[in-house]
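*Asks:* My questions are about this predicted structure, shown below with the sequence.
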Amino acid sequence: MMEMILSLLYVLISGIALPVGGIQMQYLWRNQLGDVYSLGLGSAACLGAAAATMTGWCSLTIGSFVCTLICTLVCFFVTLKVNTQQLITFGILFGTFIGSLGTIVVTNAPTGDLLKQYYLWGAANFRLEGVTAGDIVFSLALFATGLVAALTQARTLNRHFRGEIEISNLGKALLLLAIMCLVTSAVSICGPIGFISLGVPNLSRLICKNTDIRKHYLISSAMGVGLLLFTYLVVQYVNFGIYLPISATMAILALPLMALIFVKGRAPVE
C-alpha cells in the first residue's frame, strides 16, 4: 500500500515539476524549443544517478543533484557568451556528451544486479528502485524549492517573455538553479521521462493564447499529471504481459498530442 502511495506521489510530482520547468525554459529563452532536457539537465541527473548506483559513493538524489548543479553552472557560463539559438544547440550537444559519460559508467557496472537496478530505475516506472527515505525527503525539499521559486518569479518571467525587461545574468542563474531543483526532484527518483517537459508546455501554449505563465503552470501541470497517470495505469494494468517502460509508453500514447502540435501549422503565440 505504501509503495502505491509513493508511486502516485511521484506521478504527481513528475507531472508538475517537468512541465513547469519546461515552460520556464521556454519563457526564459523566449523559444518554444526550451526544455529541461535540451540543456543537458536531465542527462546530468541520469549521470549522477548512474554514478551513485554503480559506486555507492552517495544516494541517488545527491548524485543527481551534484551532477545537475555542475551542468547548470556550465550552461550559465555559456549563456554569457552565446545567443539563445546557439545555447540550445550547445545544450543538445552537451547533453549528448553527458549522456555518453553515463553510458560509459553504466556499461562498466561492477555487477549485473547493479546494472539491472539502474535500468529498472531508468525505465521510469515509479517503482522507486534503490530509493531511500533520505532520497525522498531531499527530493521533496527540492520540489518545494523549485515550485516556490517558479511561482515567485512568474511576474518577472512574464515581463521578460514579452520583451518588457531583460533578466540579468544573475537572475538567469537563479532561475536555472530553481529549474534544476524541479528536474532533480523528479528524475533522481523516477528516472528520465520524455515529452511532458517539451510537448506539454507547447500544447498548453497552443490551447491557451494568454501569455501569463501562471496559467500555463496550471494547464501544463494538469495535462502532465493526467498524461503520466494515464500512462502509469496502462503500464500497471494493461501491459499485455510484457514490461512497458513509462517513458517509452508515454511517447506512443502521446503521438496524437504531438500530431496536434504540428498539424496546427503554427508556433504558439510569442
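*Replies:* Received it, and whenever you're ready, just let me know what you need.
*Asks:* is it true that L198 touches L39?
*Replies:* No: look at L198 against L39 with CB atoms under 8 Å: they stay out of range, at 12.0 Å. Yep, even glycine has a C-beta here, placed from its N, CA and C like the rest.
*Asks:* Looking at these two now, which is surrounded by more residues?
*Replies:* Neighbour tally, L198 and L39, criterion other CB atoms under 10 Å: the higher count belongs to L39, 30 against 24.
*Asks:* Now for the more buried one: which residues touch it?
*Replies:* 25, 71, 75, 87-88, 91, 94-95 (CB atoms under 8 Å, 6 or more residues apart in numbering).
*Asks:* isn't V74 right next to F94, touching?
*Replies:* Yes: judged on CB under 8 Å, V74 makes contact with F94 at a distance of 7.0 Å.
*Asks:* Looking at the two now, which is surrounded by more residues?
*Replies:* The neighbour comparison of V74 against F94 (other CB under 10 Å) goes to F94, with 21 against 17.
*Asks:* wait, Y217 sits on Q153?
*Replies:* No: the pair Y217 / Q153 is not scored as a contact, 11.1 Å apart, by CB under 8 Å.
*Asks:* quick one: which of the contacts of L39 sit in strands?
*Replies:* Assignment to strands by DSSP state E places none of the contacts of L39 there.
*Asks:* show me where pLDDT drops low in this protein?
*Replies:* Within the chain, the segments meeting pLDDT under 70 span 84-85, 130, 260-262, 264-270.
*Asks:* all helices for it, in order.
*Replies:* Applying DSSP state H to the chain gives helices spanning 2-29, 41-55, 60-79, 84-107, 112-122, 133-152, 154-161, 169-190, 199-207, 213-237, 246-253, 255-263.
*Asks:* In the second one, which residues are buried?
*Replies:* Same thing as helix 41-55. By 16 or more other CB atoms under 10 Å, the buried positions in helix 41-55 come out as 41-54.
*Asks:* Could you dump the helices of the chain into JSON lines and include distance to D35?
*Replies:* Formatted as JSON lines, the helices of the chain follow (distance: least, CB to CB, whole Å):
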{"stretch": "helix 2-29", "distance to D35": "5"}
{"stretch": "helix 41-55", "distance to D35": "9"}
{"stretch": "helix 60-79", "distance to D35": "13"}
{"stretch": "helix 84-107", "distance to D35": "9"}
{"stretch": "helix 112-122", "distance to D35": "19"}
{"stretch": "helix 133-152", "distance to D35": "15"}
{"stretch": "helix 154-161", "distance to D35": "16"}
{"stretch": "helix 169-190", "distance to D35": "10"}
{"stretch": "helix 199-207", "distance to D35": "8"}
{"stretch": "helix 213-237", "distance to D35": "12"}
{"stretch": "helix 246-253", "distance to D35": "14"}
{"stretch": "helix 255-263", "distance to D35": "13"}
